[in-house]
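Colleague: Give me a 3D structure for the following:
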Amino acid sequence: MKQTIDMDDRASALHQIASRWAVGWTPSVAARMDVADPRDPLARQFVPDPAELEAAPGELEDPIGDGSHSPVKGVVHRYPDRVLLVPTHACAVYCRFCFRRERVGPGGEALSPAELERALAYVAADSRIWEVILSGGDPLLLSPRRLGDVVRALDAIPHVQVIRVHTRVPALDPDRVTDALVEALRTEKALWVVLHANHARELDPAAREACARIARAGIPMLAQTVLLAGVNDDPAALEALFRALVAMRVKPYYLHHLDPAPGTSRFRTSIEAGQELVRSLRGRVSGLCQPTYVLDIPGGAGKVPIGPAYLDEARDGERRVVRDWQGKPHAYDDR
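Modeller: Residues are numbered from 1 along each chain as shown. Presented below is the predicted three-dimensional model:
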């Protein structure tokens with residue numbers, strides 16, 4: 001009887017979760033994960049859990065302040081020289097730790113043609129804007145025609161020199177990376193594709209081929225990773241992921257400390273634990289495999305690096321101490 005009640009309670013909790021936040025994954029992901037295994041690194045990222053209904057102190061519906069830095073719909077302008085352009089709120093998969101989980105979803109708003117025109121006009125009117133980051137949602141869910149229209153519009157703005165596309169599609173919906181989609185990304189400007197990947201299991205042969213298709217088109221790729229308890233919070237998991245990415249010609253760029261979105265506490269590590277993980281990687285893998293460990297300050301103040309320090313503070317009249325990748329101290333005189 002107790003088991004029946006527990007299952008009923010779980011079903012009720014999952015219904016509440018699905019009513020509030022989007023749930024979904026692609027056939028490619030489904031084929032690779034074991035939904036019954038709580039330790040499966042893919043299932044943990046995408047399968048809802050009743051723990052999501054547990055509120056934790058400090059959690060925010062808009063943890064990085066997108067709303068307070070949105071001058072027009074679809075644009076987030078947090079730094080003087082770059083903006084986020086969000087043409088769609090739909091994703092190929094819905095991460096249980098997403099910092100925009102209150103806004104993304106299969107029925108999430110996409111910019112109408114008029115709204116997109118206003119967003120692009122905002123970018124064109126501010127000559128400080130050097131870089132535009134396409135985010136969402138996932139911009140690679142746009143049709144090749146719509147994506148190409150956005151890229152060409154940005155290409156036509158003289159002061160925009162760099163376009164960045166943030167996506168999970170090449171790893172988790174690789175069949176979508178068609179020749180037509182890659183062609184839509186071609187531009188005379190510098191365009192970078194930034195892959196979100198959290199575990200080496202995401203990088204199966206189809207994902208590797210999708211990334212290779214992008215790279216063969218001359219489009220450079222970076223990667224960003226979220227530090228997640230129970231998914232990648234150990235040196236071996238991060239080492240395997242970063243080595244796999246670099247071997248695919250994808251440079252690890254950011255390791256994000258988890259943003260305090262609602263119901264995500266089961267994924268959270270301490271900053272100290274993250275710093276120790278980053279320190280442990282220093283001697284284990286090439287510099288090519290080293291991302292910058294960053295914290296997005298709640299409220300919209302921006303990202304800051306929070307990795308471990310290797311140089312002790314100087315004292316008057318004394319030599320400094322620098323620590324190697326094994327933690328051993330060495331005297332250094334910079335006077």
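
Colleague: Residue 243 contacts residue 284, doesn't it?
Modeller: No: under the criterion of CB atoms under 8 Å, residue 243 makes no contact with residue 284, lying 9.4 Å away. Every C-beta, even on glycine, is put in place using the N, C-alpha and C of the backbone.

Colleague: Now stretch 95-111: average pLDDT?
Modeller: Averaged across stretch 95-111, the pLDDT comes to 87.

Colleague: Look at stretch 87-96 and report the distance between its end residues.
Modeller: 22 Å (CA to CA, to the nearest Å).

Colleague: what does stretch 157-169 give?
Modeller: End-to-end distance (CA to CA), stretch 157-169: 27 Å.

Colleague: And the helix or strand containing residue 207, what does it pack against?
Modeller: Per DSSP states H and E, residue 207 falls inside helix 205-216. On a contact count with 3 or more CB pairs under 8 Å, 6 or more residues apart in numbering; DSSP states H and E, helix 205-216 meets helix 169-172, helix 179-184, strand 221-226.

Colleague: right, so of those, which gets closest to residue 290?
Modeller: Residue 290 lies closest, by CB to CB, to one member of the helices and strands packed on helix 205-216: strand 221-226, at 11.7 Å.

Colleague: Quick one: residues in contact with the closest one.
Modeller: With contacts defined as CB atoms under 8 Å, 6 or more residues apart in numbering, strand 221-226 is touched by 97, 166, 192-198, 211, 214-215, 232, 238, 241, 245, 248-256, 258, 267, 291.

Colleague: Try it again at 7 Å.
Modeller: 97, 192-198, 211, 214-215, 232, 241, 245, 249-256, 258, 291 (CB atoms under 7 Å, 6 or more residues apart in numbering).

Colleague: With stretch 206-220 instead?
Modeller: 28, 170-171, 174, 177, 182, 185-186, 191-193, 195, 221, 248-250.

Colleague: Buried only: go through those for me.
Modeller: 28, 170-171, 174, 177, 182, 185, 191-193, 195, 221, 248, 250 (16 or more other CB atoms under 10 Å).

Colleague: Tell me which two in those residues are the farthest apart.
Modeller: Taking CB to CB as the measure, the buried ones among the contacts of stretch 206-220 span a maximum distance of 24.5 Å, between 28 and 191.

Colleague: how about the helix or strand hosting residue 239: buried residues?
Modeller: Element membership of residue 239, judged by DSSP H and E, is helix 235-247. Within helix 235-247, the residues that qualify as buried are 235, 237, 238, 239, 240, 241, 242, 243, 244, 245, 246, counting by 16+ other CB under 10 Å.
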